[in-house]
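# Got a sequence here, can you build the structure:
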Amino acid sequence: MTPDPPIAPWPVPPGSHPGPPPPAADRAYGRRWSLGAAPAFWLLGVAGGLSALGVAALTVLAAITTPRAAAVAVPLALVAAALWLVALLVLADPVERRPAWLVSSALAWGGSVAIAAGAAGGYVVDLLVSKVMTPTFAAHWGAAIAAPYAEEIGKGSGVVMVLLVARPYMITVWSGALYGAVVGVGFTLVEDISYALTAADEVLPDDAAAAVSSLVLRMAVPGLVGHPLFTATAGAGIAYAWLRRDRSRPHRLSVLVASATVAALMHAVVNSPWAFGATELLAAIPGASAMAGYLLVVTVAALPALWWLHRLRRSDARMLLARAAALAPDAIHPEEVRTLAGIRTRQDSGRRIRRMHGAEAARRAARLRRAQVRLTAVLAQPCQGYAAFGPWGLAPPVRWWWHEAVSARQALSPAVPGTVAATSETGPGAATEPIRDPSEQGGNSVTVAVPDRRTTVAAGTVLVAAVAGVLSSPVSLLAVAGAAMLRWRRSRGFLVLAAEASAVFSGYCALATLLTNALYPQ
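As a prediction, the model looks like this:
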């Protein structure tokens with residue numbers, strides 16, 4: 001098998017020469033990728049439609065039984081799901097863009113097929129556990145054993161369907177994590193609504209307050225460590241096994257098995273008696289945060305997955321930006337890749353430009369960064385079914401954002417001294433003078449304060465206050481304030497990072513305790 005030819009530099013406008021062949025991923029799908037031609041598309045539609053009808057019928061029946069609770073709980077759950085999607089698709093995904101129809105499909109799969117598979121499989125596994133062991137053991141450990149097995153299989157199949165239906169849009173391992181998290185959001189939305197409507201009839205008929213209390217507590221505790229994180233971990237493993245053909249098959253399968261196992265173990269820990277036992281144990285200490293024990297057990301189990309997903313997001317973003325910088329060096333300089341790869345680094349860059357060169361320069365720099373990120377996004381994925389570039393020329397969005405990035409750099413040159421503007425008359429790929437990153441002139445670099453003795457003492461104090469805040473909620477306010485001070489100083493170091501993370505965890509424990517005490521007073 002002959003290897004695929006490397007991607008040539010960005011083609012010049014049509015008419016000069018036909019340009020390089022499209023990438024291998026685009027050649028595999030022909031000149032135009034057709035959605036309806038994928039068999040998985042029809043399987044997705046049939047399975048999703050039938051499951052959605054069943055889930056919708058049960059939800060409507062519960063809403064008819066408890067109309068007041070449904071009128072309050074359903075809009076609240078929809079707002080929470082919308083916030084989750086914004087955080088995932090905008091804040092956690094700074095480079096790539098996701099098609100609305102594909103996000104909607106993943107969301108619908110999580111709220112329909114995964115719910116149906118989880119309910120049916122959970123019932124069967126729980127029945128088997130009660131038969132094999134004892135009913136008492138099943139009552140305590142049934143949720144920790146049945147839920148990871150049945151629900152994670154149903155949600156993970158949603159990521160597989162996205163891969164089968166829309167392979168050109170699944171280009172990075174982080175894409176699998178994002179679509180897995182979206183599936184988890186859909187699952188959480190329907191599950192939380194069902195639990196809230198069930199809680200509305202437990203004590204009083206149609207008790208809207210009980211429904212809201214149940215819904216708020218499920219959304220806040222455990223918060224991030226829930227179904228979106230479980231399915232994101234499994235989805236990243238599925239995408240890794242599917243996309244990383246540069247690795248051996250045993251290695252890819254081992255990553256898949258490890259990610260699925262970690263997702264199931266996290267789910268089991270959340271539902272296990274260990275977490276609730278830690279809550280009761282820590283609550284026995286006078287002044288301790290009531291939910292600190294539960295959150296501590298759950299967070300420790302989730303730390304490896306969070307660390308791995310963070311590294312995936314950063315490495316995949318830099319990979320896409322580096323590829324775009326190689327194709328369009330006059331729009332994205334290679335030395336700007338590190339700054340563009342994260343939202344925080346772009347914000348730090350904008351603040352520094354504002355402080356050194358004024359508000360107008362900051363606005364022009366923001367325009368350049370926005371054009372560079374959008375150019376990277378349209379380069380990475382198909383535009384209306386066609387590849388971003390090929391023998392038929394450049395896709396219109398690619399050409400538009402390239403011109404926007406070059407124009408923004410030219411506009412930034414007078415505002416930030418030392419920036420060399422690109423002046424190309426033949427289009428992308430033409431010979432131009434190398435563009436010097438404004439960070440070389442102090443324009444958009446991110447300053448990193450070296451931790452000194454005072455910073456070390458402050459970080460140690462914040463760490464001690466965060467540990468004490470787990471035992472006493474008011475102390476956590478001091479830890480959060482100290483972490484904000486360290487962030488303002490832009491200090492770096494392992495001790496500073498540990499202090500900031502501990503302060504955030506301490507503050508979240510205090511918030512969870514306040515919500516629990518307010519919603520369920522003793």
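
# make it CA atoms for all contacts and neighbour counts henceforth
Noted.

# OK, contacts around the spatially most central residue of the chain?
Centroid-nearest residue in the chain, with Cα atoms, centre = their mean: L88, separated by 4.1 Å. Counting by Cα atoms under 8 Å, 6 or more residues apart in numbering, L88 makes contact with L178, A181, V182.

# Would you agree the last one is in contact with L229?
I take that to be V182. No - here V182 lies out of contact with L229, judged by Cα atoms under 8 Å, at a distance of 9.7 Å.

# Pick out whichever of these two has more residues nearby.
V182 (33 against 26; other Cα atoms under 10 Å).

# Would you agree I171 falls within a strand?
No - read with DSSP: H, G, I helix; E, B strand; the rest coil, I171 is coil and lies in no strand.

# Which residues are in contact with it?
Contacts of I171 (Cα under 8 Å, 6+ apart): L243, A380, Q381.

# tell me the pLDDT at the nearest residue to the second one once chain neighbours are set aside?
With Cα to Cα, 6 or more residues apart in numbering as the measure, L320 is the residue that lies nearest to A380, at 7.0 Å, once sequence neighbours are left out. On the pLDDT scale, L320 is placed at 89.

# Can you say which helix or strand has L320 in it?
helix 292-327 (DSSP states H and E).

# Does anything pack onto that helix? Which helices or strands?
helix 173-199, helix 227-243, helix 249-271, helix 273-283, helix 337-340, helix 359-380, helix 494-519 (3 or more Cα pairs under 8 Å, 6 or more residues apart in numbering; DSSP states H and E).

# Mind telling me which of the ones you listed the model trusts least?
Among the helices and strands packed on helix 292-327, helix 273-283 carries the lowest mean pLDDT (a mean of 76).

# in that one, what's buried?
P273, W274, A275, F276, A278, T279, E280, L282, A283 (16 or more other Cα atoms under 10 Å).

# Dump that helix to PDB, restricted to CA.
The C-alpha trace of helix 273-283 is given here as PDB (Å, rounded to 0.1, in the frame of the first residue of the first chain):
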ATOM      1  CA  PRO A 273     -22.200   3.300  49.500                       C
ATOM      2  CA  TRP A 274     -18.600   4.400  50.000                       C
ATOM      3  CA  ALA A 275     -19.300   8.000  48.900                       C
ATOM      4  CA  PHE A 276     -22.400   8.300  51.100                       C
ATOM      5  CA  GLY A 277     -20.500   6.600  54.000                       C
ATOM      6  CA  ALA A 278     -17.700   9.200  53.600                       C
ATOM      7  CA  THR A 279     -20.400  11.900  53.900                       C
ATOM      8  CA  GLU A 280     -21.800  10.500  57.100                       C
ATOM      9  CA  LEU A 281     -18.300  10.000  58.500                       C
ATOM     10  CA  LEU A 282     -17.200  13.600  57.800                       C
ATOM     11  CA  ALA A 283     -20.500  15.100  58.900                       C
END
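
# what's it packed up against?
helix 292-327.

# quick one: the helix it packs on to chain centroid distance?
9 Å (Cα atoms, centre = their mean, to the nearest Å).

# What of stretch 160-169?
On Cα atoms, centre = their mean, the centre of stretch 160-169 falls 18 Å from the chain's centre.

# Start and end of that stretch, how far apart?
Stretch 160-169 stretches 13 Å from its first residue to its last (Cα to Cα, to the nearest Å).

# What distance do you get for V269 to P148?
Distance from V269 to P148, by Cα to Cα: 10 Å.

# And for L375?
Taking Cα to Cα, one finds L375 at 40 Å from P148.

# ok, now S476?
For S476, the distance to P148 - Cα to Cα - is 33 Å.

# Same question for P329.
From P329 over to P148 (counting by Cα to Cα), the distance is 47 Å.

# now do T59
23 Å.

# With neighbour numbers in mind, choose between these two.
Comparing T59 with P148 by other Cα under 10 Å, the one with more neighbours is P148, at 25 against 17.

# Could you name the specific helix or strand carrying that one?
Element membership for P148 (DSSP H and E) is helix 135-165.

# now R97
Going by DSSP H and E, R97 is not in any helix or strand.

# now do the one 4 residues further on
Element membership of W101, judged by DSSP H and E, is helix 100-111.

# Repeat that for A77.
Per DSSP H and E: helix 67-86 holds A77.

# what helices or strands is that helix leaning on?
Against helix 67-86 (3+ Cα pairs under 8 Å, 6+ apart) you get helix 173-199, helix 208-220.

# what angle separates the first one from helix 135-165?
In this case it means helix 173-199. 140 degrees (axes from the mean of the first three to the mean of the last three Cα atoms, to 10 degrees).

# Run through the helices of the stretch 401-522 of the chain in chain order.
With helices called from DSSP state H, counting those that start in this stretch, the stretch 401-522 of the chain shows them at 453-471, 473-489, 494-519.

# and the longest one, what does it pack onto?
Using 3+ Cα pairs under 8 Å, 6+ apart as the contact criterion, the elements in contact with helix 494-519 are helix 208-220, helix 292-327, helix 453-471, helix 473-489.

# To R97, which of the ones you listed lies closest?
helix 292-327 (11.7 Å; Cα to Cα).
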